[in-house]
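In: coords please:
(4 chains)
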Number of protein chains: 2
Amino acid sequence: MSEKIIKNNKVSLLEVARAAGVSKMTASRVLRNEGGYSEQTRAKVMQKVDELGYLPNRLATVFAGDKTSTFVGVSIPDLGNEVFAQVLESIDRKLGAFGHQTVLGLTQHTLQEEENWIRTVLSWQPAGLILTGRYHSPRALEMLKNAGIPIVEIWDLNSSPLDMCVGINHFDSGFDMGRYLIGLGYRHVGYVGTSHDVANAASTRLSGFCKAIEGAGGSVVKQLCLHDTATFYPGFYGTEQLLGSTDGIECVFYQNDAMAFGGLQYCESRRMVVPDDIGIAGWGNLPIASVVGKRLTSVHVPHLKLGQAAAEMMMARLSDEPIARTRDIGFRLIPGATVRASDSR
Amino acid sequence: MSEKIIKNNKVSLLEVARAAGVSKMTASRVLRNEGGYSEQTRAKVMQKVDELGYLPNRLATVFAGDKTSTFVGVSIPDLGNEVFAQVLESIDRKLGAFGHQTVLGLTQHTLQEEENWIRTVLSWQPAGLILTGRYHSPRALEMLKNAGIPIVEIWDLNSSPLDMCVGINHFDSGFDMGRYLIGLGYRHVGYVGTSHDVANAASTRLSGFCKAIEGAGGSVVKQLCLHDTATFYPGFYGTEQLLGSTDGIECVFYQNDAMAFGGLQYCESRRMVVPDDIGIAGWGNLPIASVVGKRLTSVHVPHLKLGQAAAEMMMARLSDEPIARTRDIGFRLIPGATVRASDSR
DNA sequence: GGGACTTGAGTTACCCGTAACGCTGCTATA
DNA sequence: TATAGCAGCGTTACGGGTAACTCAAGTCCC
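Out: Below you'll find the predicted structure:
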């Protein structure tokens, strides 16, 4: 089935050089536009490069110069979350514009997966790493410190990053949402999410949210943390579970917009009127929120800007330009129409 | 700011070997579990590996063995499209399970971007490539043929792939949707999409759709191809544009579900009743479709299975197991509630 | 006790580029 | 005319591993 496929018929620089009747070094110089050769020689070499379909072997280049590669390892928890997918997209675009390549790592929100991936990706001598989240396993931390390459931690702002950091303050974003809901007169609220791990941004948001609610005399009646993905359907049945088991909840805050949409659909399917009967607040401001009739109350995070900033910080560091170690990318609360308009107690 | 960071303080195998008082080769054997050493030697080497925090340099390994790496290049048009994001996710998970890494390439739906990326990624000696789409630039084709590595073309089924192929027949999926709508009595339909390029799957679907409609005496009154991304908002304003410029459209077929949702929202915002006043049909079956009150008429593509299959075909080929060259992953038309229930002319 | 085999190493060459240096022959200048 | 300078190109060594080979010492069997 694949006799020829296996054979490695790669053309090396030496073959190009021989075909052109020059030394390997001269061919190398031509290909790197280094100068030190005649126009005639250049033409001959380039002709052979074309004829033989020569593709340089970058492994050898990296190897020869004892440099790092143009790989940048990028770890992302999962791509089911649209926001992360778009962060990845903007990172990759920016890195690509600078001639760097993304080596992907999906950590499934676990530090162990991240550690395994870090070990592997470091063995490829990447130019740098971009990691989602500020929490890493002890062994991961040790490897990262020894790696001696630029590292950007994204998503969760961190005043003392391993190296560099860009993101938002999740505690504050939860806190602001809590205060906003309190300001609208909500006192008994619920939460639906999926994190059962304190070491992540969603938990941090929840902490901030609780602090704001409880600090103002309200109460987070129930926090539901499902063992599922943070997507539409869990939002749907999570809401059913929350409202079915607890009375008096006036408003529900969700881990993200996808879950909030699920909750919104659940409420509408049960003929509850949002926001009259119940308030719904999401987080992340998914694109779909802009077309749905009832604007979802949410928190906007400039995720494209976040990805771009991460890639830019990486590139700045790689070219030794001065750059701030941390950058707060900011967020914006979006009032929306899925919570009551003003205090109506 | 980063004096130490620049310095390359990597520990090499030679240093480990010296510290352990053995030759480089012996240390290499220990690390590869090759056998041919005493338990005592093994322990000594492993102890030094730990002490020095040695991480193997895989570039060197690949280089030395003149083998391919454990990289697999994966090209995806964009991650704004949830379906592609999830295909990528399932590919990466499966590859990861086999100890391979994904090098990402976002082609932005252009063959030129794909070609550039292919050139770069091939220079890293990847074990194989997974490419979205069956169309490639002439130079890309040449490089791919010379590369001598397994290639899986995904998404768009292709009876004569470069090497292997997994996907669905997009023409058929469009055709089936057309026939379905005809069967419900629709005769004058519209289309809203974003592709202005024949060389892609969306165009192929549209062709199939038109064939079915026109073959049955109906007509595709207007095909609107926006210069925008295939997301919610373009679906919204595209529908406005379509319905504003053309009378008598009974049903609209969209390039994908995101656009269809945008259209649905537009219709509802204008107090049009779906499906009584107008029918809406999407494609791709986004997760959100499962929670929205009115089930969107769509075509389900098993995208997770698609990604898995692609990775499995790649791995099978890499380990020289027999594997079918092409695999039709199938699709399923989802009737939904956004088109009329039966012929009601 | 001698030859064959096994065990546990070490040695050498090589993968494909690039840095550093060397060499040749021509030109410009004093 | 001597010499410095430089364009143009070649030679050598090297990076971090691994394949293939070699080799010494111990074991086994007849």
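In: state the helix or strand in which the residue nearest to A:Arg327 when sequence neighbours are not counted lies.
Out: Excluding the flanking residues, the one nearest A:Arg327 by Cβ to Cβ, 6 or more residues apart in numbering or on different chains is A:Val166, at 4.3 Å. (Glycine included, C-beta is placed from N, CA and C.) Taking DSSP states H and E as the definition, A:Val166 sits inside strand A:164-168.
In: now do that strand: which elements does it pack against?
Out: Where contact means 3 or more Cβ pairs under 8 Å, 6 or more residues apart in numbering or on different chains; DSSP states H and E, strand A:164-168 is packed against strand A:151-156, helix A:303-318, strand A:326-328.
In: the residue in chain A that DNA strand C sits nearest to: how many residues sit nearby?
Out: When scored by Cβ to the nearest atom of the strand, chain A has A:Leu13 as its residue closest to DNA strand C, at 2.8 Å. Per other Cβ atoms under 10 Å in any protein chain shown, the neighbour tally for A:Leu13 reads 18.
In: show the backbone phi and psi for it.
Out: Main-chain torsions, A:Leu13, degrees, to the nearest 10: phi -60, psi -40.
In: OK, contacts around the nearest residue to A:Ile149 once chain neighbours are set aside?
Out: Nearest non-adjacent residue to A:Ile149, counting by Cβ to Cβ, 6+ apart: A:Gly128, 5.0 Å away. A:Gly128 makes contacts with A:Thr68, A:Val72, A:Gly73, A:Ile149, A:Pro150, A:Ile151, A:Val152, A:Met314, A:Arg317, A:Leu318, as judged by Cβ atoms under 8 Å, 6 or more residues apart in numbering or on different chains.
In: ranges for the strands of the stretch 101-250 of chain A?
Out: Per DSSP state E, counting those that start in this stretch, the stretch 101-250 of chain A carries strands over the ranges A:101-106, A:128-132, A:151-156, A:164-168, A:188-193, A:219-225.
In: turn those into CSV, columns for mean pLDDT.
Out: CSV is the format used below for the strands of the stretch 101-250 of chain A (pLDDT from 0 to 100):
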stretch, mean pLDDT
strand A:101-106, 97
strand A:128-132, 97
strand A:151-156, 96
strand A:164-168, 97
strand A:188-193, 97
strand A:219-225, 96
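In: picking up where we left off before, what bridges to the residue nearest to A:Arg327?
Out: A:Ile154, A:Arg327 (DSSP bridges).
In: so it makes contact with A:Gly307?
Out: No: using Cβ atoms under 8 Å, A:Val166 makes no contact with A:Gly307, being 9.2 Å away.
In: shared neighbours of the two, anything?
Out: Shared contacts of A:Val166 and A:Gly307 (Cβ under 8 Å, 6+ apart): A:Ile154.
In: so for the two, which residue has more residues nearby?
Out: Remark: of A:Val166 and A:Gly307, A:Val166 carries more neighbours, 29 against 26, as counted by other Cβ under 10 Å.
In: can you put the strands of the stretch 101-250 of chain A in CSV and add distance to A:Ala337?
Out: Shown next, in CSV, are the strands of the stretch 101-250 of chain A (distance: least, Cβ to Cβ, whole Å):
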stretch, distance to A:Ala337
strand A:101-106, 35
strand A:128-132, 31
strand A:151-156, 28
strand A:164-168, 24
strand A:188-193, 18
strand A:219-225, 23
